[in-house]
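S.K.: everything below, folded, please.
(2 chains)
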Amino acid sequence: MTLRIYDSATRTVRDFAPLREGEASIYLCGLTVQSEPHVGHIRSGVNFDVLQRWLRELGYRVTFIRNTTDIDDKILAKAADQGRPWYNLAYDMAGELARAYDLLNVARPTYEPNATGHIPEMVELIELLIDRGHAYAAADGSGDVYFDVRSWPAYGELSGQRIDDMEAAADADPRGKRDPRDFALWKGWKEATEPRTASWPSPWGRGRPGWHIECSAMAGKYLGESFDIHGGGLDLRFPHHENEQAQSRAAGHGFATYWMHNAWITTAGEKMSKSLGNSLLVPEVLKRVRAIELRFYMVSAHYRSHVEFSFEALDEAAAGFRRIENFLERAAEALPESFSVGTSSGDGFLAAFSAAMNDDLSTPAAVAAIHDAVREGNKQLAEGQTEELAVTYAGVHEMLRILGLSPADPAFATGGADQALSGAVDALVGRLLEQRAQARAAKDFAAADAIRDQLNAAGIAIEDTPSGAKWSIDGGGR
RNA sequence: GGUGGGUUGGCCGAGAGGCGAGGCAACGGACUGCAAAUCCGUGUACACGGGUUCAAAUCCCGUACCCACCUCCA
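M.R.: Purely as a prediction, here's the structure:
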């Protein structure tokens, strides 16, 4: 069975056929590091992390490049407002982003290039475009260089638009443009308003790169003139990706074979956006649920579906995930110690899981396969079918691992402080449970239930199992 | 004006011509001293109006509402 992915350039589902046998190259547009990342930003990271993991699982050698845009108008404006250097703001926000990715178990890409680290590559590409007659230096002496949209007949092919149908941007400054749709490859330094540190030497004078050129230059550098998959958020389709493709192809490159775009997480029906003030920052959300639960929530929806964010839905997802975790814990206790994970070949659930993943990363169906396996495993657990349980347990483990949702993953490990705390609580709760056990043995159920109620009130759930009472922090109360 | 997407049961969320994905919640049953956890069972949902078809949530036409993009937002 081959992987099929939805290619948003052709708007069809296509078999994935890499340019180089056994290899897969991916370029993902990362973020402009101008402020703290919200859950929408992270969704993109998680979605493409799942893609990357699945490709590796299929045996591809994956080269995954995710860039960081660390210079642009907004960064300059915000840094100026905050009275600090733009590079300090970008650096700080890049750090916040990296932390958020780490918390959500988004694997590090092969490389994460910064725009400002690739000025020479961009200048080179711009010169090539000028040579080939697809770009020009503005005649107004601004030092700007523009891409000549009219010189590239295929312009608009990615987003399915025709130049003449496009709404002329009302607020666009025509500056030295030949056509209002021409976009900046290079922006001349505005000495009066912009810091010198945000400018670099070029054949057209000091300046800084336009937004789109960085991706063309960096994708070319790290993945070659042609590569397999280019990804990003839906809003990047136009203009960003359209322009990237126009530039790269006008320069004679093949560029991306497949385009993948993830949909939004919305709040109150609207796109999450910093300017709307409806952003949910990752640390805020993580006060409510654990990182692994947030990742599960994101993976439970298909990457091309809009997700209407709500804490209610998030809590539900977390409850669903706890059921899976609960199974893993109980199964691990029931299985012999000699048992080791990795004997799950032939498991029917894995086949369903794989089929789902191959179908344009249909993670909702993949998650359903996990739930099915958990139900089966719980049954095996109840009936003491240890051998079957071992296979199911390994299968569930495997599926979670592939989705980056393994509770055993170091990214989700609780810190030393948590463990110490948990040890302390265990000692205290253990004494109460002992008293309860004595009361139950003496058939003093009123006293036993009083202890349980007391613990429940403190947010600790009690479960009686054949091997004695167990306690856990009751997440439902959060 | 142009382009694309959406509207599914109490809630979340898949599916894309024919056996009711899955989860959460609820209710009933088993288990339990009672619970919890777990298992079993219970739902006849696809915005609206037409049409095609033996068969439509799925295809076609129309309507309504929502969302996104149209030059620097994942």
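S.K.: near RNA strand B, which residues of the stretch 201-350 of chain A?
M.R.: A:210-211, A:232-239, A:243, A:262-266, A:269-273, A:300-302, A:305-308, A:310, A:312-313, A:316-317, A:319-320, A:323, A:326-327, A:330 (Cβ under 7 Å from any atom of the strand). (C-beta placed from N, C-alpha, C; glycine too.)
S.K.: one more pass at 6 Å, please.
M.R.: Residues of the stretch 201-350 of chain A lying near RNA strand B by Cβ under 6 Å from any atom of the strand: A:210-211, A:232-236, A:238-239, A:243, A:262, A:264-265, A:269-273, A:301-302, A:305, A:307-308, A:312-313, A:316, A:319-320, A:323, A:326.
S.K.: just the buried members of the residues you listed?
M.R.: Among those, the ones that count as buried by 16 or more other Cβ atoms under 10 Å are A:210-211, A:232-233, A:236, A:239, A:243, A:262, A:264-265, A:271-272, A:301-302, A:307, A:320.
S.K.: element containing residue A:75, please.
M.R.: helix A:73-82 (DSSP states H and E).
S.K.: buried residues, the helix or strand following that helix. List them.
M.R.: For helix A:73-82, the following helix or strand on the C-terminal side (DSSP H and E) is helix A:86-103. Within helix A:86-103, the residues that count as buried by 16+ other Cβ under 10 Å are A:86-87, A:89-90, A:93-94, A:96-98, A:100-101, A:103.
S.K.: who does helix A:86-103 touch, helix- and strand-wise?
M.R.: When contacts are defined as 3 or more Cβ pairs under 8 Å, 6 or more residues apart in numbering; DSSP states H and E, helix A:86-103 packs onto helix A:39-57, helix A:73-82.
S.K.: reformat those as TSV; add mean pLDDT.
M.R.: Output for the helices and strands packed on helix A:86-103, formatted as TSV (pLDDT from 0 to 100):
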stretch	mean pLDDT
helix A:39-57	95
helix A:73-82	93
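S.K.: what's the most buried one of the ones you listed?
M.R.: Across the helices and strands packed on helix A:86-103, the average number of neighbours (mean count of other Cβ atoms under 10 Å) peaks for helix A:39-57, which reaches a mean of 23.
S.K.: elements contacting whichever helix or strand comes after it?
M.R.: Downstream of helix A:39-57, the first helix or strand assigned by DSSP H and E is strand A:61-66. When contacts are defined as 3+ Cβ pairs under 8 Å, 6+ apart, strand A:61-66 sits against strand A:23-28, helix A:39-57, helix A:213-223.
S.K.: which one is the residue of chain A at minimum distance from RNA strand B nearest to, not counting chain neighbours?
M.R.: Residue nearest to RNA strand B within chain A: residue A:233 (1.2 Å; Cβ to the nearest atom of the strand). The shortest distance from residue A:233 to any non-neighbouring residue, by Cβ to Cβ, 6 or more residues apart in numbering, is to residue A:44 (5.3 Å).
S.K.: I'd guessed that neighbour sits against residue A:261; true?
M.R.: No. Here residue A:44 does not reach residue A:261: they are 9.3 Å apart, not a contact under Cβ atoms under 8 Å.
S.K.: list residues touching both of those two?
M.R.: Among the neighbours of residue A:44, those also in contact with residue A:261 (Cβ atoms under 8 Å, 6 or more residues apart in numbering) are A:231-233.
S.K.: start and end of stretch A:176-195, how far apart?
M.R.: Stretch A:176-195 has an end-to-end distance of 22 Å (Cα to Cα, to the nearest Å).
S.K.: what is the strand or helix carrying residue A:456 packed up against?
M.R.: Assigned by DSSP H and E, residue A:456 belongs to helix A:445-457. Contacting helix A:445-457 under the criterion 3+ Cβ pairs under 8 Å, 6+ apart are the following elements: helix A:416-441, strand A:460-465.
S.K.: JSON lines for these, including distance to residue A:205 and mean neighbour count?
M.R.: Shown next, in JSON lines, are the helices and strands packed on helix A:445-457 (distance: least, Cβ to Cβ, whole Å; neighbours: other Cβ atoms under 10 Å):
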{"stretch": "helix A:416-441", "distance to residue A:205": "54", "mean neighbour count": "13"}
{"stretch": "strand A:460-465", "distance to residue A:205": "67", "mean neighbour count": "14"}
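S.K.: so for the residue of chain A closest to RNA strand B, what's the pLDDT?
M.R.: pLDDT for residue A:233: 92.
S.K.: one more: residue A:469?
M.R.: pLDDT at residue A:469 comes out at 90.
S.K.: which residues does it contact?
M.R.: Taking Cβ under 8 Å, 6+ apart, one finds A:433, A:436-437, A:462-463 in contact with residue A:469.
S.K.: and of the residues you listed, the nearest to residue A:406?
M.R.: Lowest distance from residue A:406 to the contacts of residue A:469 (Cβ to Cβ) belongs to residue A:463, with 23.3 Å.
S.K.: next, count neighbours for the residue nearest to that closest one when sequence neighbours are not counted.
M.R.: Distances taken as Cβ to Cβ, 6+ apart place residue A:470 nearest to residue A:463, at 4.8 Å, with adjacent residues excluded. Using other Cβ atoms under 10 Å, residue A:470 has 15 other residues around it.
S.K.: residue A:470 looks like it's in a strand, true?
M.R.: Yes. Counting by DSSP: H, G, I helix; E, B strand; the rest coil, residue A:470 falls inside a strand.
S.K.: that one and residue A:462 touch, don't they?
M.R.: Yes. The pair residue A:470 / residue A:462 is scored as a contact, 7.4 Å apart, by Cβ under 8 Å.
S.K.: so which of the buried ones among the residues of the stretch 201-350 of chain A next to RNA strand B are in helices?
M.R.: A:243, A:320 (DSSP state H).
S.K.: which ones among the buried ones among the residues of the stretch 201-350 of chain A next to RNA strand B map onto strands?
M.R.: Taking DSSP state E as the definition of strands, those contribute A:232-233, A:262, A:265, A:271, A:307.
S.K.: which of those residues sits closest to residue A:334?
M.R.: residue A:307 (35.7 Å).
S.K.: wait, what's in contact with that closest one?
M.R.: A:43, A:263-266, A:298, A:301.
S.K.: identify the bridge partners of it.
M.R.: residue A:265 (DSSP bridges).
S.K.: which stretches of the stretch 201-350 of chain A aren't confidently modelled?
M.R.: Segments of the stretch 201-350 of chain A classed as low confidence (criterion: pLDDT under 70) are A:268-279, A:338-347.
S.K.: same thing but 90
M.R.: A:211, A:235, A:238-239, A:264-281, A:283-284, A:287-288, A:306-312, A:333-349 (pLDDT under 90).
S.K.: just the element for residue A:361, please.
M.R.: Counting by DSSP H and E, residue A:361 is part of no helix or strand.
S.K.: can you give me phi and psi for it?
M.R.: As for residue A:361, its main-chain torsions (degrees, to the nearest 10) stand at phi 50, psi 60.
S.K.: burial measure for it, as a count.
M.R.: By other Cβ under 10 Å, neighbour count at residue A:361 equals 24.
S.K.: contacts only, for it.
M.R.: A:5, A:47, A:50-51, A:54, A:302-303.
S.K.: farthest pair in those?
M.R.: A:54 and A:302, at 13.7 Å, using Cβ to Cβ across those.
S.K.: now do the helices in the stretch 151-300 of chain A.
M.R.: A:213-223, A:242-250, A:282-285, A:291-299 (DSSP state H, counting those that start in this stretch).
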